[in-house]
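Student: Provided below for reference: sequence and predicted model.
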Amino acid sequence: MIGAPACIIFLLCQLTGPAASGIPKKLVGAIDGSVIFPLNLSVNLVDSIIWVFNSTTLITIQPKTGDKKALIIVTQKRNKERVNFPHEGYSLKLSRLKKNDSGIYRVEIHSSTLQDPLTQEYELRVYEYLSKPKVIIGLQDNKNGTCVTNLTCSMEHGEEDVTYSWKSQDQATNESHSGSILPISWRWEKSDMTFICMASNPISSNSSNPVFAQNLCEGAAGGLALYVILYVLLLFILLCSLALVLIILIIRRTRKKELIEEKKETDTHQETLSLPPVSEEVPEYDTISYCNRTISEEKLANTIYSTVHISPKVTKPHSLPMSSDTPRSSTCKNVV
């Protein structure tokens, strides 16, 4: 901290500015920022200067006299690093502001030459920097293609001394409205409009994201727009139904063709199985004639007889008849 300057002896002690009328001087500050309480005076034998915050003594100053240095007493330990007197004057600078620093500050100049101390008051307000405001959409009333609703602008925190205004613009005009609530009446055939909420306090300002009337009043198109949507939807359903029927017909046709081919293959296989098996041996038949003529004794000596037996494998009805008793011998074949 910087010490207070030496007092000027035999000068009239006075305050300048609003202190003479007793009107508090209003000051604003931001959280974590700083503020200066200005004090301009000429001193004649000043005994002490006292800074008071909401009836609590904040700082006591005993000005420098002769070889004696100025004495500055900060009553609260937490404020020792926050107070300062710039340019070696009596104006108070308060840093690292907090929300609870808001309130009434008073400076008192005590002098033995004055019957009552001179005072000056300050009203300090500490504000937060505003975040982006939020826009709330009210209930909508859509009739005959007209959208009627309200937009409400608000802050999630730090609403102290916040003022709201609206900026609405389209392709042709720009309009401004004050207040946190903006009434809207918009027809769907008009050009799209944009609404922006602007919030401000004594130290900062911020604006909301734009709100588009076309998105806000999607149901306002009503009539024609609704019919168009329904028409497109019905057309889409119809096309899907036709495609489904076509797919079913193709599947049935393909299945029927497959069944016919399977039936043909089954019939062909059954005909093949019904044919009689082909014998590996092809029987050969000899026709043997019976001779009733008498063979002469001369030839009997030179005659060789052969016996032909019918193969037992020949069992078909068309086989040659055989005797049940003895195999039939042939005597008509002569082999020389």
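Tutor: Nice, thanks for sending it over.

Student: list the contacts of C240.
Tutor: Neighbouring residues of C240 by CB atoms under 8 Å, 6 or more residues apart in numbering: there are none. Where C-beta positions appear, they are placed from N, C-alpha and C, glycine not excepted.

Student: if I've got this straight, it is in a helix?
Tutor: Yes: counting by DSSP: H, G, I helix; E, B strand; the rest coil, one finds C240 located in a helix.

Student: what segments of the stretch 1-150 of the chain are strands?
Tutor: 14-15, 25-30, 35-37, 41-42, 46-53, 56-62, 71-74, 83-84, 92-94, 103-111, 118-127, 134-137, 141-143, 146-154 (DSSP state E, counting those that start in this stretch).

Student: who are the packing partners of the longest one?
Tutor: Taking 3 or more CB pairs under 8 Å, 6 or more residues apart in numbering; DSSP states H and E as contact, the helices and strands that strand 118-127 lies on are strand 14-15, strand 25-30, strand 35-37, strand 103-111.

Student: between these, which one is closest to T163.
Tutor: Each of the helices and strands packed on strand 118-127 has some distance to T163 by CB to CB; the shortest is strand 25-30, at 14.0 Å.

Student: same question for the closest one, mean pLDDT?
Tutor: Averaging pLDDT along strand 25-30 yields 94.

Student: quick one: R106 from E88, how far?
Tutor: Computed with CB to CB, to the nearest Å, the distance linking R106 and E88 is 22 Å.

Student: neighbour count winner among these two?
Tutor: Taking neighbours as other CB atoms under 10 Å, R106 and E88 compare with R106 leading, 17 against 11.

Student: please report how far Y164 lies from L94.
Tutor: Where L94 is concerned, Y164 sits at a distance of 30 Å (CB to CB).

Student: who's more crowded, those two?
Tutor: L94 (24 against 21).

Student: correct me, but that one touches L27?
Tutor: No: using CB atoms under 8 Å, L94 makes no contact with L27, being 9.6 Å away.

Student: so what sits against both of these two?
Tutor: In contact with both L94 and L27: 35, 37, using CB under 8 Å, 6+ apart.

Student: low pLDDT regions in the stretch 101-250 of the chain?
Tutor: Residues of the stretch 101-250 of the chain meeting the criterion pLDDT under 70: 171-173, 218-228.

Student: quick one, helices of it?
Tutor: 213-216, 222-274 (DSSP state H, counting those that start in this stretch).

Student: what is the burial count for L238?
Tutor: 10.

Student: so how far is L246 from it?
Tutor: Counting by CB to CB, the gap from L238 to L246 is 13 Å.

Student: same question, S165
Tutor: Taking CB to CB, one finds S165 at 61 Å from L246.

Student: neighbour count for those two, which is higher?
Tutor: Per other CB under 10 Å, whichever of S165 and L246 has more neighbours is S165, with 18 against 10.
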